[in-house]
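Peer 1: with the sequence up front, the predicted model follows.
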Amino acid sequence: MSNFKVDIITPINMESLDNVTYLRIPSLDGLTGIQARHASSIIALDIGEIKIVTNNKERIFATSGGFADIRPEGTQLLLETFESGKIIDKKRAHQAVEKATKHISSRNDDLKRATLALKRAKNRLAILKKL
């Protein structure tokens, strides 16, 4: 199986991974799998899980969305956030679920914003369960 490079770019960090054999991203239309020499495309990403396989090791990350620029030689992920389970604060994620749930039940708050906050917090907790 051929390998490719993945560059992950966030507002606060940049990381490059070589020898990637498989990348799975949460597109707005569902999960999308990418391997070397994938057709070129640009895909909008949703809140969800990013799975990266390098050297036969699977790594899981949480993202709150962004874009993927896919090329046959590699992929760039332009993300709002990119968090490994090692840096996710479980207590803070639980508090975010509680706070967002409270805001959703309040008729005076921005429902869309609270719903997205709830989705991000639940995604972080789901990543922690997989560790």
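Peer 2: It's in. Residues are numbered from 1 along each chain as shown.
Peer 1: list the helices and strands the helix ranked longest in the chain packs on?
Peer 2: If you go by DSSP state H, the chain has its longest helix at helix 111-129. Applying 3 or more Cβ pairs under 8 Å, 6 or more residues apart in numbering; DSSP states H and E, we find helix 111-129 packed against strand 48-54, strand 57-63, strand 82-84, helix 90-105. Placement of C-beta: from N, CA and C, glycine included.
Peer 1: average pLDDT for the shortest one?
Peer 2: If I follow you right, that is strand 82-84. Strand 82-84 shows an average pLDDT of 91 in the prediction.
Peer 1: show me what that strand is packed up against.
Peer 2: strand 57-63, helix 111-129.
Peer 1: ok, and what's touching the last one?
Peer 2: Counting by Cβ atoms under 8 Å, 6 or more residues apart in numbering, the neighbours of helix 111-129 from elsewhere in the structure are 47-49, 60-64, 81, 83-85, 88, 90, 93-94, 96-97, 99-101, 103-104.
Peer 1: now the residues you listed: which count as buried?
Peer 2: Using 16 or more other Cβ atoms under 10 Å as the burial test, these include 47-49, 60-64, 81, 83, 85, 88, 93, 96-97, 100, 103-104 as buried.
Peer 1: appreciated, that's everything.
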